[in-house]
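Q: this is a predicted model, with the sequence first.
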Amino acid sequence: MRRFSTVSFVIAIALLAVNPSSAQTSDVKGEVVKVDEAYRLAKLKQDLPALERILADGFNETNQNGNSRNKSETIDLWKSFSISSLTTDRYDVDIAGDTAVVRGCQTENRSETMLFARTYVKRRGWQLLSSAQYRDECKGRAPGTSDPQANEVLKADEIYRVAKLRRDIPGLNQVLADVFTETNQNGNTRNKAETLDLWKSFSISSLTTDSAEVRVNGDTSIVVGTQTENDYEHMLFTRVYVKTGNAWKLVSSFQYRDPRRTEIAFR
């Protein structure tokens, strides 16, 4: 993770059969970072035309209070809402084809520190498709429908849920993309290998998906919803899937305790 002493930049990942050179990857990351910085400044300056340009039509965000907004609702918010400062304290960028995820830590109004995950997709330039953030001290290591595509994504998401509940390592290995990364409700981040290793010994008594909404944008999809772990730990989540061949693979998972509910568990 990089740190900045001046007002800075930014950060749910993608996948696959793309293996660009390190120079190419660096150039693409630079493009994404520029757009993410533009997003930071647009919010700070309440620059509505810039937000209109940066946000994808399918944009969805969940903020640190558990409130979700689409593109029009977000733009409407910034017509009247303002913040005194917004800095990106550290960030990481993951690139896979036309999908990028920026993860890191930010400080709002000089006192409110948060972990965040933002997913960008390349259409006409890079656009922000998903943003999720929650309050954290940033001390840890730094996400049923009639649409057939959405249904396929929900099936993959159900496989992921059941695999964790049953500690099905082969099942997890199949559904997780090679570049998978997750940030859990305690601010801990793991890659695919670390996640598989965790579930060899870690177990949960129950895991239910209480609500889920799917947004499909080409070969990238986002599942946003609520879940309950061990019957009492209520969480909000954002998961990003990328289609590889005929299969949807999970590239990013971001979850945090619902601030509207009382929680007591940690891991």
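A: Arrived safely. Residues are numbered from 1 along each chain as shown.

Q: thinking residue 184 is in contact with residue 255, fair?
A: Yes - using Cβ atoms under 8 Å, residue 184 makes contact with residue 255 at a distance of 6.0 Å. For every residue, glycine as well, the C-beta is placed using N, CA and C.

Q: so between the two, which is more surrounded?
A: More crowded of residue 184 and residue 255, by other Cβ atoms under 10 Å: residue 255, with 22 against 19.

Q: wait, that one touches residue 234, no?
A: No - contact criterion Cβ under 8 Å: residue 255 and residue 234 do not qualify, at 10.6 Å.

Q: what touches both of these two?
A: Residues touching both residue 255 and residue 234 (Cβ atoms under 8 Å, 6 or more residues apart in numbering) are residue 227.

Q: okay, and for the protein, where does confidence drop off?
A: By pLDDT under 70, the low-scoring segments of the chain are 1-25, 137-146, 261-267.

Q: residues contacting the longest helix belonging to it, please?
A: Among all segments of the chain classified by DSSP state H, the helix with the greatest residue count is helix 22-45. Residues outside helix 22-45 that contact it (Cβ under 8 Å, 6+ apart) are 8-11, 20, 47-48, 50-51, 54, 78, 83, 85-86, 88, 91, 93, 95, 100, 102, 118, 120, 125-128.

Q: so after it, what's the next helix or strand?
A: Downstream of helix 22-45, the next assigned helix or strand under DSSP states H and E is helix 48-54.

Q: which helices and strands sit right next to that next one?
A: Helix 48-54 sits against helix 22-45, helix 71-77, with contacts defined as 3 or more Cβ pairs under 8 Å, 6 or more residues apart in numbering; DSSP states H and E.

Q: dump those helices into a markdown table; add distance to residue 251 and mean neighbour count as well.
A: Formatted as a markdown table, the helices and strands packed on helix 48-54 follow (distance: least, Cβ to Cβ, whole Å; neighbours: other Cβ atoms under 10 Å):
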| stretch | distance to residue 251 | mean neighbour count |
| --- | --- | --- |
| helix 22-45 | 15 | 16 |
| helix 71-77 | 22 | 16 |
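
Q: looking at the ones you listed, which is nearest to residue 245?
A: Set against residue 245 and scored by Cβ to Cβ, these come closest in helix 22-45, at 22.6 Å.

Q: how far does that closest one sit from its chain's centre?
A: 16 Å (Cα atoms, centre = their mean, to the nearest Å).
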